[in-house]
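# sequence unknown, structure follows:
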């Protein structure tokens, strides 16, 4: 591995931090409270890149468990973002990229492991197709309780288009330094959907994105999708706020995204229904007549029954009514927030406010 040297005053411009003699690869691992999985993640990186020119950068978003302690035992630059920052995966990735020196920058979540067999194919593809701005493979979901790559797997259904020219690459992915330099990298203000927003800017700048038909990584998930536990986790992470922000940024930057409002249309419609319910409740309270509230309840029951009939079951409609009830106002609030347009070239305060620990990294 190539020896790395950084200081707390590293500049936020990727081109400014690029070093001609730097490593070929930079692997940026982001995490928050991942003490159960971070060792496995970092071990997979060391195994995958053994003998290659690379650097390992670990970015922690104010973990309160032993994540940083465990990561510090590995040959990596450990960067700690303080809790005073507006924490998000996008901020973690941008901070890691700001310290990276590699030509190709791989981003990996702390609950993922890399497939070592994928890297050779990735290097060939990146070398043979210089117009690529980003490259990924398939990420396989694994329930953490299974503790096995062979058990309880959930393959994400990627669109066929991803394998020729993807709109964006979610999850684990490799970005070229050239592409990040040209577009400003990840938007630190987005609470979620940062890959989709960056992918749109990359395409607008003329770069192509591609997904290979091979497993790049395994993602250990704590809860299956469409469960209350997973829903609450996504709310806490800020996913739904970011969904609204993303649509606003699409319009503000005129990004090449087809009908971006469609992605939040149902949330907006449900938010309107909730608002009508509040008005009906207030009207019934003031007039001491429950007709308005009863009419609203009847409307909601009719919609729910129609949803049940359409899906031929009650579980899915019940889950989505709960999701929309809890998250529709959050999505709308995210959409109403004015987008920050000064982040691309502005000095990043977090780069000045991070604690960087340099572990002993042997040179290759």
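Arrived safely. No experiment lies behind these values; they were computed from the predicted model shown.

# what's the next secondary structure element after the helix or strand bottoming out on mean pLDDT in the chain?
For the chain, scoring each helix and strand by mean pLDDT, DSSP states H and E identifies helix 14-17 as the least confident one, at a mean of 42. Using DSSP states H and E, the helix or strand that follows helix 14-17 in sequence is strand 25-31.

# hmm, who's touching the helix or strand that that following strand is followed by?
The first helix or strand that comes after strand 25-31 along the chain, using DSSP H and E, is helix 38-48. Contacts with helix 38-48, where a contact means C-beta atoms under 8 Å, 6 or more residues apart in numbering, come from 27, 29, 31, 34, 56, 58, 67, 70-71, 74-76, 108-116, 119. Any C-beta I mention is one placed from the backbone N, CA and C, and that applies to glycine too.

# ok, now with 10 Å
1, 25, 27, 29, 31, 34, 54, 56, 58, 60, 63, 65-71, 73-76, 106, 108-119, 147, 217-218, 220 (C-beta atoms under 10 Å, 6 or more residues apart in numbering).

# and it, how far out from the chain middle?
For helix 38-48, the separation from the chain centroid amounts to 20 Å (computed by C-alpha atoms, centre = their mean, to the nearest Å).

# what's the model's confidence in that helix, averaged?
What helix 38-48 shows for mean pLDDT is 97.

# what's the first helix or strand after that helix?
Assignment by DSSP H and E places the next element after helix 38-48 at strand 54-61.

# would you mind measuring from the nearest residue to residue 31 once chain neighbours are set aside to residue 48?
Using C-beta to C-beta, 6 or more residues apart in numbering and skipping the chain neighbours, the partner closest in space to residue 31 is residue 110 (2.8 Å). Summarising the geometry, the distance separating residue 110 from residue 48, computed by C-beta to C-beta, to the nearest Å, is 15 Å.

# so between those two, which is more surrounded?
Set side by side, residue 110 and residue 48 show more neighbours around residue 110, with 27 against 20, by other C-beta atoms under 10 Å.

# list the contacts of that one.
Shown here is residue 110, whose contacts under the criterion C-beta under 10 Å, 6+ apart are 29-42, 58-61, 63, 67, 71, 92, 220.

# just give me the neighbour total for residue 223.
With neighbours defined by other C-beta under 10 Å, the count for residue 223 comes to 16.

# that one in helix, strand or coil?
Using DSSP: H, G, I helix; E, B strand; the rest coil, the three-state assignment for residue 223 comes out as coil.

# just the one 3 residues further on next, same as before
Secondary structure, three-state DSSP: residue 226 is coil.
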